[in-house]
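Enquirer: dropping a prediction and its sequence here:
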Amino acid sequence: MSENKDSKHSSRRGFLAGSALLGAGVALTGSRAIAAPERRESAIMNNDRADAPYELSKPSNIIYTACLQCNTGCGVSAKLQDGVIVKIDGNPYNPWTLLPQIPFKTTVETAAAIDGAICPKGQAGLQTAYDPYRIRKVLKRAGKRGENKWITIPFEQAVKEIVEGGKLFANVPGEQTREVEGLSKIAVLKDAKGAKAMASDVKAILDEKDKDKKKALVEEFKQKHAADLDKLIDPNHPDFGPKNNQIVVAWGRLKGGRSDLYKRFADGLGTTNAHGHTTVCQGSLYFTCKAISEQYVDGKFTDGNKFYWQADTENSKFVFFVGANLFEGNYGPPNRSVRLTGNLVSGFTKIAVADPRFSKLASKAWKWLPIKPGTDAALASGMIRWILENKRYDEKFLANANKAAATANGETSWTNATWLVEIKDGKPGKFVRASDIGLSQPETRKTKDGKDYQEKFLVAMVQGTPTVVDPNDMKTPVVADLFVDTKLPNGTQIKSGLQVLLENAKQKSFKEWADVAGVKESDMLEVAKELTSYGKRAAVDIHRGPAQHTNGFYNILSWMTINMLLGNFDAKGGMCIASTYDTMGKKGKLYELSAQPGKMSSFGISSIRHGVDYEKTTIFEGYPAKRNWYPISSDIYEEIIPSIGDAYPYQVKALFLYMGAPTYSLPAGQTNIKILCDVNKLPLFVANDILIGPTSMYADYIFPDLSYLERWEFQGSHPCMPCKVQPVRQPAIAPIPENCKAFDAEMPISFEAMLFGLAEKLKLPGFGADAYAPGLDLKHFDDFYIRAVANLAYGEKPDGSDSVPDADEKEIKSFLEARKSLPKSVFDVERWKKLAGEKVWPKVVYVLNRGGRFEDHDKAYKGDRLAHPYGKLLNLYQEKTASTIHSGTGKKNLGYANYIPIMDYHGKEPEDLRKGHDLVLITHRSVVHTKSRTITNQWLNPLMPENAVLINPTDAKRLGLKQGQKVKVVSATNPSGDWDLGAGSTKQMLGSLQFTQTMRPGVISFALGFGNWASGAVDFSIDGKTIKGEPKRAAGIHANAAMWIDPALKNTCMLDPVGGSVSFYDTYVKLVPVGS
Amino acid sequence: MNSQHSSSDAAQGASGLATQWTKALWLVWILFLLAGIVGVILRLTHGHNAAGYGSYVTWGLWIGVYFLGVGISGGSFILGSLGYLFEIDGFSRPSDLRLAIVLSLAGLLPAFLGVWLDLGRMDRLMNILIHSSFTSMMAFNAWMYNIFLIVAALCWLLSFKQKSSWLKPLLTLGMLFSILFPSQSGVFFEAVRTNEFWRSPLLSMLFFVSAITLGSASLLFVRAAIAPRTASRTDQSHLDSALRVLRAVTVIGLIIYVVFEFAEFSITFWNPGALSPNTDYLLFGGYWPVFWILHIGVGVIAPSILLAMKSRGGWVFASLLATIGFGAARLCVLVPGQVIGQIPGLAQAFQDPRLSYDYHITSMEYLVALMMIAVGMTIFYVGVKLSQLVESRL
Amino acid sequence: MKKVSEIMDRREFIRAGGLVGVGAAAAGAAILKDRGELASKDPTGEKTVRNLTAMKNLKTQPSEDDHIRMQRELAAAMSKPVEKRRWIMVIDLRKCVGCQACTIGCVAENKLPPGVVYRPVVQTEIGEFPNVRLNFLPRPCMHCENPSCVPVCPVKATWKRPDGVVVIDYDRCIGCRYCLNACPYGARTSDFGRYYTSNEAQGAPEGKERPIYGSPAPWEGLPSNEYGKSWNRKDHGSPVGNARKCHFCLHRLENGLLPMCVSTCIGRATYFGDSNDTESLVVEKVTRNNVQTLLPHWDNKPKCYYIV
Ligand SMILES: Nc1nc2c(c(=O)[nH]1)N[C@H]1C(S)=C(S)[C@@H](COP(=O)(O)OP(=O)(O)OC[C@H]3O[C@@H](n4cnc5c(=O)[nH]c(N)nc54)[C@H](O)[C@@H]3O)O[C@H]1N2
Ligand SMILES: Nc1nc2c(c(=O)[nH]1)N[C@H]1C(S)=C(S)[C@@H](COP(=O)(O)OP(=O)(O)OC[C@H]3O[C@@H](n4cnc5c(=O)[nH]c(N)nc54)[C@H](O)[C@@H]3O)O[C@H]1N2
Ligand code: SF4
Ligand code: SF4
Ligand code: SF4
Ligand code: SF4
Ligand code: SF4
Ligand SMILES: [Mo]
């Protein structure tokens, strides 16, 4: 209605005023086409208007970069018209957008005429960059936290205030006298050598098992480091580490390049607290796979990778997708859809889907199992039992007990399914060690860092005979018995891992397992049968659905165990891992960008207590611990702010948050708001954001950032991508934030500028002059990114034999042409050329002209194997996990696939919370939106102006609810059904009901991306001027605030104590109609 | 001012404007004009965005009013001409003819205004004459209306001549157009061959009957409302017979219209299985009040009753109600024909206020419709005044 | 009733007859003439032949994305004069994942304002839990062989080209929306001159020192390239006020590019090509027995087919 009120579009008004007159006037003379200056014959249409050439398929108008509208990171082509991105399409060199993508060697002219396919969010991405609400200057809070009142301050002032502290908010009522400690007063330990010494002494304290000795060690420590004790958080708990740890550096969506700089910053500060968002995402998927990938190194299990597997969809004949939302979310719709739809139609591939919600993916499935949320492991257990009992597993694969056996059998990976586990009190514990049972002599071997250790070897049964297993041995294959249940001569009960698994699965009948999961027994068994009918070309592909529960770890482990039974790892059509080209360089190669001379060694327990056993610490006080400890997972997003709230294990004084919105993204995110609003709990909060977002709105300072279309990053890959790749995100348009100076370099205010400004002021090691090595500075972000691209272009071989070709003259010309609208602060040929080095420069152009480096499609496979295999041990039975203790219950964690009911931190099933609430709340992605981020994109609005509460009509009928009715989502931990936004404002958790047969009765869902309360959705003020929000951005419902707050922890959501995941799909709610 | 002409032809029109209704009409005119100006300003400043129609329901109130105006225009011209040619009592005077012509123009010209304001490119109005495609009923109509306009204007001029051998032929031609264009208005919809609801050939008949009825109702209105209180006997009886005829034509017209309409929908009544979603929407769905209350109740039953009574005031009301009722009847053709999308779910696929199958008339549209009426009144007033002036000069 | 002779004299009668006769004849002639004249006056022959080389320079790979194959075939079709090409589209509904990439791709490519859409994707849900189905139906213009939208246009602003594409001349169209009404597929929408960002960041300070970007989104003001011409919406320029619809991305075809909705189809559900090329992928797809058209009873004879 108010379309024309916008004064900025004055041209639109022009017509209005004159139109009546014009109408009359022109009507008489008859209309004439808008003057055609040079009338030339029309190519397409007979009309007086001159033809205009199509400019968007010329290389000089295209910059290839990587999308970040969602984390899939598809390659995109930013198409420029007058220096403005008017269109974003798929980069045809990038395997996410074409199958196969065009060969890397294709000329840029040819490529420019080819568009790859991307999703609608990706296409709308230019609206993220050109969002009218993008901030350009540093904002400083001018009201209470969350009050939405800001002033702009110069970059230098912001840096100074944050570093030096003081009465920074004297104008804010209630904070007149509050003294904020600046970073320089927190990051007090600056002596790298001293830190190193303390670090190793702290390690000794942690490693000491005896309580009294531990105490003695602490006293020893206090004496030894008496001079530095004032730099520790608590001298009585040296394991808390230095005060530097009271700075927490956190992030939401962080990708390669920036992650390296952020890490460098944390290392420079000497804080151990650098935490990401993994656990809100699919944490337990990562950390279970990490546990699966722990390697037997130097006699213990270590070196697991934080990563996961997905199916090589393109070649799978059968895929069971479990809680994976390929066509709407996942990693991601463009690349995975193309690898599936053709095969589905041709009949090459068949799929089944387990999801409480009939997803778009399910609409193409042979079978849909509408599983009851939170029961994935039960379904898997039923299938495991059937597979084991019917011998439908890959026997050969499982029998390979070490690398040599795997190799001999044409496999690249192998499991420990046959290794013998000691059973104590009926419970499986550690693996039997050969030398412990006298099967062999321990062998003295050297550890990775050259120390001696005693290798005791493992044991497997080979045709009934206990046999020594040297897991990584390449010479002596051990092909072992699968099912072993016996006693050693010394009476020790032993079982093979597989036997443990089988017995566990036999606890319940098929019918019972199916009932727990709420699916038909016949469906369960049919899928199991189908899954085991295609050899290695079948896979279980899983994602958030099974992961984001309190039992996430074991759900994932159960499904991954089935994959192990299928023996599909590294096989074409089986389980695949991501493979990327390096950018950081290593010693002896082009640029060693991880070098950080003078870097502090950070030490101490992390603020989220990850990577450490509670029992080892000096604050061990028995069970339950005040908050959970995470010995085998990290990046526990839901613990970052609540731990600050509880000051457990110690108080945090400053929080940096980059590109994250925990208040919005976390279940029960409102718990975080409460803490953020308390300046005493968190004295200093600095955010980096492109706009005032749903979490950054609580910050003391917001540094503006460059959007993904203005900046650098290395997007990396996902496990569903078999090709080796490294997509490069690079500046495509002039920056929107204003410029600033750090280290005398002119650059746009950005994440990097924020780090550089602070680093300069704090004189952090690893920044500024000689940051990498003498003569290699880090003053402008180009100093890092251009060299990283040079590394990428040059390749991983020191002699440069796998470098990319040189860009020719023509290519360089269009490269420059395409960047003509970029200012010197981000693009300066001479600067870039110098950084890359004259010789590598044409290669850098070659890579940038293609949006990264991509291996050609045919190189991704070798026969029926993946060319980039995982190639290591898979832990079907996890000794390491089994040796950790749940700090909430004091019980040992299980080391194998298992169904565990939903529980709170104290191990209690949440019956009290369920009472009176009979709908399970789940959530899902729609292809249209990403978190809080894309509601800002105008094009996406008409596709789904608001989300809804999806409900099966049978439930609605039972509850007397009507289609379209507005309802509040209410749970035991949020009985009001509101978002408490702090600073006195609330937002109702209100959505309209949409009846749909796609929901399992008893389960309701809502699509992610709506119900925002910031990001331009509401009014805010800057420098006293009110800027209006756009109400469309506030539309719909975000029901995370209804998700359960853990009754034991009280200020965060329910969580997976092992894998760290937050619980997204376990809450019981009821719907309260509002209005008529 | 007109006392010396009190018994002349001109008297009726002249003094007519000074009857009991005059004040009310002036007031109405001023209110409508003011409201209309607001509406037109809204239209010109907000484009079409203040309207309720869009891309799925492409035409709204104005097009309904347009077809109403066209009906009035055609009907009054036919009745005036026929009466004049056949020298029917009450219609035989040149002044009777002129009044009908003026009314006809007063119906037609504001209809143009509505269509013009409805165009996305008002500046290209003339394309319709310059680049006409006669496969399109719209272009065909545009030409017809324009020729009719000229013919009617000529007839008006010639009516002042004592004897013109062109008047009657032109009246005949004018009548041809007048018969054509209301029925062509039906064809306007029928020509949309992909619209189940509109594709009935009965539509032409309905539109034609409604035109005659509208013409007679509106003639009845102007003649009764404007009738001088102090007219001479002859004038009085002249008027009486005119009103008698008009009253009869109106009632019969209403009945025939409803009969045709009944024929149209009867299939629905005897075979509920054949109920099209459009008809369902019209008779029992969202449009039932417009159909049953406005069109049938207000537009047919109430005027029939009033016309059956003796009170002239009642007739005036009846004619007004019948006209309003036909306005509703127009919408009953227009709107149900558009609100049912043939691709279910289309409006949800890409959501926008302009991409909706719901149509609700907005205040801006009402205001502009009032402007159309005000313009019609103006033309009528000016026409009558002009007739008087010319007459008095002769 | 009176006899005619009592109403008019002979002269009057002849005149009346003449006028009516001439009028009717003129009308008849006009209609007949325009019936025959619906054909396109667009350029044909040699001057419409395009020599597109991009795809020739692309190394063939053992297997190729359908998009690449179609683009190669497109180049071949463009090397023929326009009257020898017959564009058709085939949408495999079994492959459509309902992502709406095509919808937005088209919006972006053609710089469509709010309320204008050429290719929405209609989603329908069928059945009852647990036997439920979701269907996705992308709906471009069908480029009907017998388009019901064309003859209703009063100003000859829309017609069918020699290659089968039904087009609109924005410089001619008066925005009467008759054609919108006449298309049973709802394929035409009207451009009411709106802007996506007009309601955003109101009250934001302007100028170099402004704290937030605020300024009108630059992408929204730039001209589009439909029909290979430059259309600038500023100051109520066409296509503001006009009917708009899918044009099979003629401007992209001219440059050897597939229609945008085809290029960006992540499910590879949309096929496009020249039905005169019997070797083409699109012909391969269309000559199957599971091919259907939408609302066939209207006899519009769509040139967009669906595989079900
Ligand atoms: N209901 C529900 N909630 C969910 C999920 C769900 O499925 N349903 N999914 C979860 C998942 S998987 C994840 S990964 C999390 C993610 O949640 P988070 O990691 O917290 O992050 P995002 O929401 O991706 O982005 C956070 C903020 O970054 C800011 N931002 C956007 N672009 C930029 C930029 O270029 N630079 C900077 N500095 N800031 C920027 C925006 O203001 C945005 O609010 O959400 C989780 N939340
Ligand atoms: N459009 C869009 N795409 C995205 C993102 C985005 O924000 N928007 N984000 C990206 C990111 S960060 C991530 S992590 C991925 C996530 O990718 P996915 O995990 O594939 O996406 P989700 O929609 O979260 O899928 C979770 C599915 O699990 C189902 N589910 C819920 N509870 C259960 C359960 O108990 N068991 C089972 N088996 N299923 C259950 C839900 O109905 C839903 O379909 O998507 C990426 N892609
Ligand atoms: S899937 Fe994600 S990364 Fe890919 S185009 Fe869509 S939004 Fe961008
Ligand atoms: S689909 Fe509609 S707009 Fe397109 S040609 Fe057919 S009738 Fe015309
Ligand atoms: S809207 Fe334009 S194209 Fe459509 S009928 Fe009217 S003038 Fe013709
Ligand atoms: S062919 Fe072009 S214009 Fe037509 S729907 Fe596809 S993208 Fe839009
Ligand atoms: S882009 Fe393709 S898959 Fe996606 S909705 Fe359109 S036709 Fe369907
Ligand atoms: Mo995620």
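Expert: Received it, and whenever you're ready, just let me know what you need. Ligands and ions are numbered 1, 2, ... in the order given.

Enquirer: make it CA atoms for all contacts and neighbour counts henceforth
Expert: Noted.

Enquirer: which of the residues in the helix or strand that contains A:I205 are buried?
Expert: Assigned by DSSP states H and E, A:I205 belongs to helix A:192-207. Buried residues in helix A:192-207, counting neighbours by 16 or more other Cα atoms under 10 Å in any protein chain shown, are found at A:A192, A:A195, A:M198, A:A199, A:D201, A:V202, A:K203, A:I205, A:L206.

Enquirer: in chain A, what residue lies closest to ligand 7?
Expert: Per Cα to the nearest ligand atom, A:C119 is where chain A lies closest to ligand 7, at 7.5 Å.

Enquirer: just want the most central residue of the chain.
Expert: Picking chain A for this. A:T278 (4.7 Å; Cα atoms, centre = their mean).

Enquirer: the chain in question should be chain C.
Expert: Centroid-nearest residue in chain C, with Cα atoms, centre = their mean: C:C246, separated by 2.6 Å.

Enquirer: how close does that one get to C:V167?
Expert: 8 Å (Cα to Cα, to the nearest Å).

Enquirer: for the residue lying farthest from the centre of chain B, which non-adjacent residue is closest in space?
Expert: Here the centre of chain B is the reference, and by Cα atoms, centre = their mean the most remote residue is B:A349, at 37.8 Å. Among residues not flanking B:A349 along the chain, C:V122 sits closest, at 5.0 Å (Cα to Cα, 6 or more residues apart in numbering or on different chains).

Enquirer: which residues touch the one you found?
Expert: Neighbour list for C:V122: B:P344, B:G345, B:L346, B:Q348, B:A349, C:N135, C:F136, C:L137, C:P138, C:R139 [criterion: Cα atoms under 8 Å, 6 or more residues apart in numbering or on different chains].

Enquirer: check which helix or strand it maps to.
Expert: With DSSP H and E as the criterion, C:V122 is inside strand C:121-128.

Enquirer: quick one: buried residues of that strand?
Expert: Buried, per 16+ other Cα under 10 Å, within strand C:121-128: C:V121, C:V122, C:Q123.

Enquirer: which strand residues bridge the second one?
Expert: Beta bridges link C:V122 to C:L137, judged by DSSP bridges.

Enquirer: okay, A:V500 and ligand 6: tell me how far apart.
Expert: 57 Å (Cα to the nearest ligand atom, to the nearest Å).

Enquirer: burial count for the residue in the stretch 1-150 of chain B that ligand 6 sits nearest to?
Expert: Relative to ligand 6, the nearest point of the stretch 1-150 of chain B is B:S55 (16.6 Å; Cα to the nearest ligand atom). Counted with other Cα atoms under 10 Å in any protein chain shown, the neighbours of B:S55 add up to 27.

Enquirer: that one contacts C:Y178, doesn't it?
Expert: No - counting by Cα atoms under 8 Å, B:S55 sits too far from C:Y178 to count as a contact (10.3 Å).

Enquirer: what lies in contact with the helix holding A:I205?
Expert: The contact list for helix A:192-207 (Cα under 8 Å, 6+ apart) reads A:189, A:214, A:217-218, A:221, A:225, A:238-239, A:241, A:598-604, A:616-618.

Enquirer: let me know the average pLDDT across that helix.
Expert: Over the span of helix A:192-207, the pLDDT mean works out to 95.

Enquirer: go on, stretch C:261-273?
Expert: Rounded mean pLDDT across stretch C:261-273 is 98.

Enquirer: for the host helix or strand of B:F177, what does the pLDDT average out to?
Expert: Per DSSP H and E, B:F177 falls inside helix B:167-190. The average pLDDT for helix B:167-190 rounds to 86.

Enquirer: could you confirm whether it reaches chain C?
Expert: Yes - Helix B:167-190 comes into contact with chain C (Cα under 8 Å from any Cα of the partner chain), by way of B:K168, B:P169, B:L170, B:T172, B:L173, B:L176.

Enquirer: please state the offset of the strand or helix carrying A:T923 from the chain centre?
Expert: Per DSSP H and E: A:T923 is located in strand A:919-924. Computed by Cα atoms, centre = their mean, to the nearest Å, the chain-centroid distance of strand A:919-924 equals 21 Å.

Enquirer: what does stretch B:288-308 give?
Expert: The mean C-alpha position of stretch B:288-308 is separated from the chain mean by 17 Å, Cα atoms, centre = their mean.

Enquirer: next one: stretch A:989-1000
Expert: 28 Å.

Enquirer: next: stretch A:294-307.
Expert: In terms of Cα atoms, centre = their mean, the centre of stretch A:294-307 is set 22 Å apart from its chain centre.

Enquirer: from start to finish, how long is it in a straight line?
Expert: Stretch A:294-307 has an end-to-end distance of 11 Å (criterion: Cα to Cα).

Enquirer: same deal with stretch B:269-289?
Expert: Distance across stretch B:269-289, first residue to last, is 18 Å (Cα to Cα).

Enquirer: pull out the buried residues from it.
Expert: Using 16+ other Cα under 10 Å as the test for burial, stretch B:269-289 gives B:L275, B:P277, B:N278, B:T279, B:D280, B:Y281, B:L282, B:L283, B:Y287, B:W288, B:P289.

Enquirer: tell me how many other residues crowd the residue nearest to B:Y66 when sequence neighbours are not counted.
Expert: Leaving aside its sequence neighbours, B:Y66 sits nearest to B:A111 (Cα to Cα, 6+ apart; 4.2 Å). As a burial measure, B:A111 scores 27 neighbours (other Cα under 10 Å).

Enquirer: same question, B:D96
Expert: The tally of other residues near B:D96 (other Cα under 10 Å) stands at 24.

Enquirer: before we move on, what about A:I605?
Expert: The burial count for A:I605: 26, using other Cα under 10 Å.

Enquirer: could you check how far it is from chain B?
Expert: As defined by Cα to the nearest Cα, to the nearest Å, A:I605 lies at a distance of 52 Å from chain B.

Enquirer: how about the residues of chain C by ligand 6?
Expert: C:C106, C:Y118, C:R119, C:P140, C:C246, C:H247, C:F248, C:C249, C:P259, C:M260, C:C261 (Cα under 6 Å from any ligand atom).

Enquirer: now with 8 Å?
Expert: Counting by Cα under 8 Å from any ligand atom, chain C comes close to ligand 6 at C:102-103, C:105-107, C:109-110, C:118-119, C:139-141, C:245-250, C:259-262.

Enquirer: which ones among those also lie next to ligand 4?
Expert: Restricting the residues of chain C next to ligand 6 to those touching ligand 4 (Cα under 8 Å from any ligand atom) yields C:P140, C:C141, C:K245, C:C246.

Enquirer: which SS class is the second one?
Expert: Translated: C:C141. Here C:C141 is coil, with the state taken from DSSP: H, G, I helix; E, B strand; the rest coil.

Enquirer: give the contact list for residue 127.
Expert: Just going to use chain A. So A:Q127 contacts A:T936, A:N937, A:Q938, C:A217 (Cα under 8 Å, 6+ apart).

Enquirer: not what I meant, chain C
Expert: A:Q997, C:R133.

Enquirer: for it, list each beta-bridge partner.
Expert: Beta bridges link C:G127 to C:V132, judged by DSSP bridges.

Enquirer: work out for me the element the residue nearest to A:K681 when sequence neighbours are not counted sits within.
Expert: Spatial nearest neighbour of A:K681, excluding adjacent residues (Cα to Cα, 6+ apart): A:G645 at 5.8 Å. In this assignment (DSSP H and E), A:G645 forms part of helix A:637-646.

Enquirer: any weak-confidence spans in the stretch 201-308 of chain C?
Expert: In the predicted model of the stretch 201-308 of chain C, no residue satisfies pLDDT under 70.

Enquirer: please redo it, this time with the cut-off set to 90
Expert: Along the stretch 201-308 of chain C, the parts satisfying pLDDT under 90 run over C:215-217, C:221, C:234-235, C:288-289.

Enquirer: near ligand 5, which residues of it?
Expert: For the stretch 201-308 of chain C, the residues in contact with ligand 5 (Cα under 8 Å from any ligand atom) are C:N242, C:A243, C:R244.

Enquirer: can stretch C:134-145 be found next to ligand 7?
Expert: Yes - using Cα under 8 Å from any ligand atom, stretch C:134-145 reaches ligand 7 at C:F136, C:L137, C:P138.
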